[in-house]
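**Student:** Structure of the sequence below:
(3 chains)
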Amino acid sequence: MLNHGAGVSRPSREWQPRIVAFFCNWCTYTAADLAGVSRLKHASNIRIIRVMCSGRVDPQFVLEAFARGADGVLMGGCHPGDCHYMEGNYKALRRVRLLRRMLRDLGIEEDRFRLEWISASEGEKVRAVVNDMTARVRSLGPLKLPEKFRDWDREIGELEEKVGKMEEKEHVG
Amino acid sequence: MSDKPNIGLYWCASCGGCEESVVDLAEDILLVLERVNIVLWPVAMDFKKKDLEERPDGSILASLVNGAVRTSEQEEMARLIRRKSRHVMAYGSCAHLGGIPGLANQFAREEILQYVYEGSPSTANASRTRPATAIPKNGSSLALPEFHHLVRTLDQVIEVDYYLPGCPPTPRILKEALLALLEGELPPRGAVLAPDVALCEECPRQESKPADMSFTEFRRPHQTVLDPEVCLLAQGIVCLGPATRGGCEAQCIRGHMACTGCFGPTSRVRDQGAKILSGIASSVAADDPEGIDRTLDTLPDPVGTFYRYGLAASLLRARNRPL
Amino acid sequence: MSKSNGNRPARIGFYVCHCGHNISGTVDVAAVARYAQALPHVVVSREYKYMCSDPGQERIAQDIREHALNRIVVASCSPLLHEHTFRTAVEKGGLNPFFFQMVNIRENVSWVNESPEEATEKAMDLARAAVHRVAFHKALEPKRVPILPDVLVVGGGIAGIHAALTLANAGRKVVLVEREPTIGGHMAMFDKTFPTLDCAACILTPKMSQVKNHPNITLWTYSEVSKVEGYVGNYTITVRRKPRYISEKLCVGCMECIEACIYKEGKFPDEFNAGLSRRKPIYIPFPQATPQVVVIDPQTCIEFKTGKCKKSCLEKCDRDAIDFSQKEVVEEIRVGTVILATGYKTFDAGRLPHYGYGKYDNVYTSLEVERLVNASGPTGGELILRDGRRPKTVGIIHCVGSRDRNTNRWCSRTCCMYSLKLAHLLKEHTDAEVYNFYIDIRAAGKSYEEFYDKLLEENVHFIRGRVAEVTDWTARPSEEGKLVIRVEDTMIGVVRRIPVDMVVLAVGMEPQFDAQEVRRLFNISCSTEGFFLERHPKLAPVDTFTDGVFIAGACQGPKDIPDSVAQAGAAASQALVLIDSGSIELEPNTAYLVEEDCSGCKSCLTICPYHAISHDEARKKASINEALCKGCGTCTATCPSGAIRQNLFEDEEIYSEIRGLLTPMPAEAQGGESC
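**Tutor:** Take a look at the predicted model:
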């Protein structure tokens, strides 16, 4: 399409954390709806992606979210024993335990990645968790992996430039 | 010069195993030589950069580049090869995925230099000399390549047309790729020239894998007497076969070693490490955090295990750190 | 992003809803519409007051035809509310209904975020994610599954009874499972019902015997559901039928065996009389118990305890109905729908020690008083206190275990009215002075307020104030031998001491003690209080989040008999709707295997709790039985080589949503990535 977002300008504000949330349809997404219906105001930093079950959350999705610029990733599922699909949340938990450890080894702070059990009736918990996570991620500061990748890759562009110049020089010489 | 097509071979950050694997073609290498001119192969013959520069752009039918890209020299050569070649083939795990050198992405450049030139127990460098990019010598200046901040896959530096996976690629993979190239039967650009199905399909132990896998403990090969017939995962050994492309004829398994993932993920998987993590962790037996951790703690180094070859190509590429 | 619909480039229609002021009050919908218009592949972008209205839906259908749209995004409320509405509109426009993605900017944005700038930015992010995602959507066919016509009703209180009878009268086969030896539930224990003062037994027992005699109802008392498998329309239910050591077929309820028991008198607390009387190890809960079958309690029966009883009961039964070797029977039934009417339990008054329950003999719970005033109760309807006296003054304390931060915050809804009823009955039985200690009188029901007026005319006293304590510490001679209720009379602002002979604690209603287990069994949710959660508090009050499972009565929340009956009728008719439609459309969100991609690694086999995945030994590959798949997608996330995929939640759909969410806003997109 033509013009990317023509006519939309945003006031420049201070940095705001961006948190991608994967919420299961039956518990946590429903709880988020309940938080809405109950008008439980909370931080606006969360962007929810609905999946049927926390077990659907592929660790790749978490990494993709970080790599694409998320400052935090939140997973929400049914409480242990309450999974709409019986055991999906246990699979999610097992992956999360290992993924957290791996993320820590890869320099991503623990507070940036969180799994919470929030049942369909816990609208209040949605608010509390979102607020708490937003505050923690805010205090960690931006992760900004896309920008970091760009910075890292600058050395490649630089070299290309340098080589170009050297070649030019050689030609001149 | 004959009208046989030109072929180039080059190495970047690699161990040299890929170069040897070309020789592993054995007699077949003669058949290859009958049909092509090798115009670049520094490890085996004397070629100068100048020779390559003097060739017209696109005059090489295909260049097989192995090794990851860590230095400015490697990058420069990769770019040069790209210009001169109609097809660039990433040859082997390092060019394909970053390979073992890619594990260095867990450390900042300064950490690496500090360790290698100062910290390591075997280093004697009282003056703390570090490599520099320009060294004055006898009135002139010697240039050394720059050590990049990151290990990169070949396709993070130049466009790559095909990938030959493996650490190193097997003779069969190489032979079939060369045949496809010479017969003009290459698949669509960007393909990995190996089956797009995971290793288990060709694994001789597939049938011995029980249906009800659940892990209570992971073991390392030296900690246990292994049954030579039974699926290694079933014996608690982390095997990356389920998340790794086949085509290697399960050589490691036949040698009683678990798959470490050198052929990389299938085309449907973006991040091999995350996916095998998912596949393995999902089947941990415990349900409670402590029990799960007890099992998972027997797995010593998740990054080194799951990203043995794939860290540079992974979604996160490296350990998060300031430049 | 370049994705096509059957090789045609995506042509996306984007619609953002004002929802009156619900959304537009916070989100700048016009800005969102302008923003979406400029996103790749968006051909039409509109804002509208109410997208879910007919004109809103018609707009979509019309645009699809006029602008050859092949993808639709609607930014409005939660997909749990209106996804189906808009899919239908998309279908009306001639598109496959699954070429649709919904953006929740009401529950997730305007209702929870205050700053218009932040809310608008968030709405734009979510809109962009949906536009990215929808381009990857595929045409899908919803799965239809047949509905088995039989229904399981769990719980034989008034709600369960009414639901079962309604369904049975409509010609459906019903299995009614009740844990206790008889149906009837709490209502069977009540003396009269408010506000009409009908005799509870008189209106209930005919329905109980109808249940017993109805050809369409199978009644299993003393039984519990132990396992639930399957899905809407096709549930397989395992029921454990506890041994009552009496053959239900042979026993005619003559009760001669009870007479013959070597215990000459009852010795064990009688559950039905709230422990106010004693029963024998062999007993029948109450005269009109249904079924009219005796039960032996193995915990107290000498034969079970010692094996040395002379078993006089056995000799007495000329029908040989007694069978000490009876074993538990496990039955398996197949039903299409389930109605849960598992009721409630009353608040344990012992949790509030300052009211003296368990400490002072003459402190009773309301349920005990129901039995005390009942003609078939422990005292034959005579109001005789534990110490043998008849009360001259009675204090009824309201809201015991209700509207109390220390116990339960909710109003139990029934206590005001039954307290009034008990006040009336107590007065009728004893002519005592009756005091009600209340916070508010909640008489919001048909003829309820009038009943309250009537009580006022009967000179029942009402003191507004939460009672501080019930004590036998006397301050003046007139209090001697009495219990003193200390309370602040908030009407006159004075702390009063009211001496009474009897205290009645109007205990509140709580979730059934095993509500959590039952909820897990049937895969439904509970509200924070622990009552079963309805699918929508207003529009789907008897549905649950599990299709084919309905709830009725006090298991959903405190309610009185008419409300329970109304809900039971509603649940029965919801079940009938499903049954009569013959089949139900399921979300086509099942997992599927691309067989040539599968390596047969078996990583998925243990992942599926429904055993939908098996290993095909001949082909050495996995095989997914779509009929068993419930669509959680856990196997998709697990498959290490990406061979298992999930409809509606494909990897590329979720990836595109993530990327869409995080793609920098245009203002900061310079030099950024393309999407």
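
**Student:** drop to CA atoms for contacts and neighbour counts, all remaining ones
**Tutor:** Fine.

**Student:** three-state assignment of C:P40?
**Tutor:** Following DSSP: H, G, I helix; E, B strand; the rest coil, the label given to C:P40 is coil.

**Student:** quick one: contacts for C:T471?
**Tutor:** C:H354, C:Y355, C:G356, C:L483, C:V484, C:I485, C:R486 (C-alpha atoms under 8 Å, 6 or more residues apart in numbering or on different chains).

**Student:** Specify the beta-bridge partners of it.
**Tutor:** With DSSP bridges applied, C:T471 shows beta-bridge pairing to C:V484.

**Student:** Report the separation between it and C:K482.
**Tutor:** 9 Å (C-alpha to C-alpha, to the nearest Å).

**Student:** ok so, going back, considering the contacts of C:T471, which is situated nearest to chain B?
**Tutor:** Set against chain B, the nearest of the contacts of C:T471 by C-alpha to the nearest C-alpha is C:H354 (40.4 Å).

**Student:** so what's that closest one closest to, chain neighbours aside?
**Tutor:** C:E469 (5.0 Å; C-alpha to C-alpha, 6 or more residues apart in numbering or on different chains).

**Student:** wouldn't that neighbour be in contact with C:V495 here?
**Tutor:** No. At 11.7 Å, C:E469 does not count as touching C:V495 under the criterion of C-alpha atoms under 8 Å.

**Student:** hmm, who's touching stretch C:50-59?
**Tutor:** Outside stretch C:50-59, the residues that reach it (C-alpha under 8 Å, 6+ apart) are C:Y15, C:V16, C:C17, C:H18, C:C19, C:G20, C:Y48, C:S76, C:H82, C:T85, C:F86, C:A89.

**Student:** Ramachandran angles for the third one?
**Tutor:** In terms of degrees, to the nearest 10, the main-chain angles of C:C17 are phi -100, psi 140.

**Student:** Quickly note the distance from it to chain A.
**Tutor:** Going from C:C17 to chain A by C-alpha to the nearest C-alpha, to the nearest Å gives 16 Å.

**Student:** who's in contact with that residue?
**Tutor:** Counting by C-alpha under 8 Å, 6+ apart, C:C17 touches C:I23, C:S24, C:V29, C:E47, C:Y48, C:K49, C:Y50, C:M51, C:V74, C:A75, C:S76.

**Student:** confidence score at C:T337?
**Tutor:** pLDDT for C:T337: 97.

**Student:** same deal with A:E168?
**Tutor:** pLDDT, A:E168: 58.

**Student:** Tell me the confidence at A:L159?
**Tutor:** pLDDT, A:L159: 59.

**Student:** meant to ask about C:I584, not that
**Tutor:** pLDDT at C:I584 comes out at 89.

**Student:** measure C:R87 to chain B for me?
**Tutor:** In terms of C-alpha to the nearest C-alpha, C:R87 sits 29 Å off from chain B.

**Student:** ok, how many other residues are close to that residue?
**Tutor:** If you count neighbours by other C-alpha atoms under 10 Å in any protein chain shown, C:R87 ends up with 21.

**Student:** just B:E290 next, same as before
**Tutor:** Count around B:E290 with other C-alpha under 10 Å applied: 11.

**Student:** So what touches the strand or helix carrying it?
**Tutor:** Under the criterion of DSSP states H and E, B:E290 resides in helix B:289-296. Around helix B:289-296, the neighbours that count as contacts under C-alpha under 8 Å, 6+ apart are A:L93, A:R94, A:R97, A:L98, B:F215, B:T216, B:E217, B:F218, B:A281, B:V284, B:A285, B:A286.

**Student:** Would you verify that the third one is located in a helix?
**Tutor:** Yes. Secondary structure of A:R97, determined by three-state DSSP: located in a helix.

**Student:** What about the closest residue to it other than its chain neighbours, how many residues nearby?
**Tutor:** Counting by C-alpha to C-alpha, 6+ apart, B:D293 is the residue found nearest to A:R97 once chain neighbours are left out, at 6.9 Å. Each residue near B:D293 was counted by other C-alpha under 10 Å, and the total is 18.

**Student:** now do C:T182
**Tutor:** 26.

**Student:** Kindly report the same for B:E249.
**Tutor:** 15.

**Student:** Spell out which helix or strand contains it, please.
**Tutor:** Applying DSSP H and E, one finds B:E249 in no helix or strand.

**Student:** cool, C:L425 as well?
**Tutor:** helix C:415-430.

**Student:** ok so, going back, looking at the contacts of stretch C:50-59, state which has the most neighbours.
**Tutor:** Busiest of the contacts of stretch C:50-59 [other C-alpha under 10 Å] is C:S76, holding 30 neighbours.

**Student:** Do you know the pLDDT at it?
**Tutor:** C:S76 is given a pLDDT of 97.

**Student:** B:R109 too?
**Tutor:** pLDDT, read off for B:R109, is 94.

**Student:** if we can go back for a sec, which of the contacts of C:C17 fall within strands?
**Tutor:** Under the assignment DSSP state E, those contribute C:E47, C:Y48, C:V74, C:A75, C:S76 to strands.

**Student:** which residues touch A:D33?
**Tutor:** Counted by C-alpha under 8 Å, 6+ apart, A:D33 has contacts A:G123, C:S78, C:E107, C:N108.

**Student:** one more time with 6 Å
**Tutor:** C:E107 (C-alpha atoms under 6 Å, 6 or more residues apart in numbering or on different chains).

**Student:** how close does it get to chain B?
**Tutor:** Separation of A:D33 from chain B (C-alpha to the nearest C-alpha): 28 Å.

**Student:** That residue belongs to a helix, doesn't it?
**Tutor:** Yes. Assessed by three-state DSSP, A:D33 belongs to a helix.

**Student:** Can you tell me how far it is from C:S525?
**Tutor:** From A:D33 to C:S525 the distance is 15 Å (C-alpha to C-alpha).

**Student:** Quick check: the residue of the stretch 401-550 of chain C nearest chain B.
**Tutor:** C:R520 (16.5 Å).

**Student:** what's the helix or strand for that residue?
**Tutor:** Counting by DSSP H and E, C:R520 is found in helix C:515-522.

**Student:** give the contact list for the residue sitting nearest the centre point of chain B.
**Tutor:** Closest residue to the average C-alpha location of chain B: B:S93 at 1.7 Å, with C-alpha atoms, centre = their mean. The contact partners of B:S93, by C-alpha under 6 Å, 6+ apart, come to B:G99, B:P165, B:G166, B:C167, B:C262.

**Student:** Among the residues you listed, which one sits closest to C:K249?
**Tutor:** Of all the contacts of B:S93, B:C262 has the smallest distance to C:K249: 70.8 Å, by C-alpha to C-alpha.

**Student:** near chain B, which residues of chain A show up?
**Tutor:** A:P59, A:Q60, A:A67, A:Y90, A:K91, A:R94, A:R95, A:M102, A:L106, A:G107 (C-alpha under 6 Å from any C-alpha of the partner chain).

**Student:** quick one: which helix or strand includes the fifth one?
**Tutor:** Assigned by DSSP H and E, A:K91 belongs to helix A:88-105.

**Student:** List the contacts of that helix.
**Tutor:** Helix A:88-105 has contacts (C-alpha under 6 Å, 6+ apart) with A:S54, A:G55, B:S278, B:A281, B:S282, B:D287, B:P302.

**Student:** now those residues in CSV, with neighbour count and pLDDT?
**Tutor:** Formatted as CSV, the contacts of helix A:88-105 follow (neighbours: other C-alpha atoms under 10 Å in any protein chain shown; pLDDT from 0 to 100):
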residue, neighbour count, pLDDT
A:S54, 34, 98
A:G55, 29, 98
B:S278, 29, 97
B:A281, 25, 97
B:S282, 29, 96
B:D287, 17, 93
B:P302, 20, 96
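
**Student:** Cool, thanks, talk later.
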